[in-house]
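J.: Sequence and predicted structure below; questions after.
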Amino acid sequence: QLRLVESGGGLVQAGGSLRLSCAASGRAFSFYSMGWFRQVPGKEREFVAIIEWSTGRAVYSDSVKDRFTISGDGAKNTVDLQMSNLKPEDTAVYYCAGDEDYTRFIHQPREYDYWGQGTQVTVSS
């Protein structure tokens, strides 16, 4: 059974930084891409960033571009999200996601095959 496990969430003041990490465990598997989404109560899950291992291409949502950096190791199925200059509107549960195959609909949660359990990030003003 393949599992994604996130770590690194917490409480931080506005302007601060946090680093989230995600690692896959279980059976041997290679993702085409891995990424991060976030969700607040009452709203849909929102795309944050992904990285495609074969090309190294990283894509960010406009709301986090220039503040967040995604990185990782495709061979090890690990992905990190370095978050800087955090804002109160970044408060959410952050989910790690893995996709087995290429998709051009990278912003759509339904395209991803595996999900972590989520980690809470709270940014105080």
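T.: Nice, I can see it.

J.: what ranges of this structure fall below the confidence cut-off?
T.: 28 (pLDDT under 70).

J.: can you map out the strands along it?
T.: Ranges of strands in the chain, per DSSP state E, are 3-7, 10-13, 18-25, 33-39, 46-52, 58-60, 68-73, 78-83, 92-99, 114-115, 119-124.

J.: Check which helices and strands the third one is in contact with.
T.: So that's strand 18-25. strand 3-7, strand 33-39, strand 78-83, strand 92-99, strand 119-124 (3 or more Cβ pairs under 8 Å, 6 or more residues apart in numbering; DSSP states H and E). Any C-beta I mention is one placed from the backbone N, CA and C, and that applies to glycine too.

J.: To R27, which of the ones you listed lies closest?
T.: When those are compared by Cβ to Cβ, strand 3-7 sits nearest R27, at 9.6 Å.

J.: packing partners for the closest one?
T.: strand 18-25, strand 92-99, strand 114-115.

J.: would you list those strands in JSON lines and tack on mean neighbour count and distance to D66?
T.: Putting those into JSON lines (neighbours: other Cβ atoms under 10 Å; distance: least, Cβ to Cβ, whole Å) gives the following:
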{"stretch": "strand 18-25", "mean neighbour count": "19", "distance to D66": "16"}
{"stretch": "strand 92-99", "mean neighbour count": "23", "distance to D66": "18"}
{"stretch": "strand 114-115", "mean neighbour count": "17", "distance to D66": "26"}
